[in-house]
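Asker: Generate a structure from the sequence data that follows.
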Amino acid sequence: MTLHDMIREMADVVIYNCQPPFTVRNVALCLIDKGYTSDKFTWCLDDIIALARELSEGQERAA
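Answerer: Numbering: from 1, shown residues only. This is a model prediction of the structure:
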């Protein structure tokens, strides 16, 4: 699994399980709740949040 794949997977988890706004706290708690340990996402949390925001905006436009 590539780095991009990991970030995309976690961004998808955030989109479908976390209520906006996608803040650092909300996203971290959501990922922990879904079984991710902090060592797997803290170093790329900004990337996860940015991608989740981008993808969720795309879904809103498509709806």
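Asker: Not counting the longest helix along the chain itself, show me its contacts.
Answerer: For the chain, the longest helix by residue count, based on DSSP state H, is helix 45-62. Here helix 45-62 makes contact (C-beta atoms under 8 Å, 6 or more residues apart in numbering) with 7-8, 10-12, 14-15, 18, 20, 22-24, 27-28, 31, 41. Just so you know, the C-beta spots here come from the backbone N, C-alpha and C atoms, and that holds for glycine as well.
Asker: from those, which has minimum pLDDT?
Answerer: Within the set of those, pLDDT is lowest for Pro20 (88).
Asker: What sits closest to that residue if chain neighbours are left out?
Answerer: Ser56 (6.9 Å; C-beta to C-beta, 6 or more residues apart in numbering).
Asker: Give me the neighbour count for the one you found.
Answerer: When neighbours are counted by other C-beta atoms under 10 Å, Ser56 registers 17.
Asker: Now the least confident helix or strand in the chain by mean pLDDT: buried residues?
Answerer: One helix or strand of the chain scores below all others by mean pLDDT, DSSP states H and E: helix 45-62, with a mean of 89. Buried residues in helix 45-62, defined by neighbour count with 16 or more other C-beta atoms under 10 Å: 45, 47-49, 51-53, 56.
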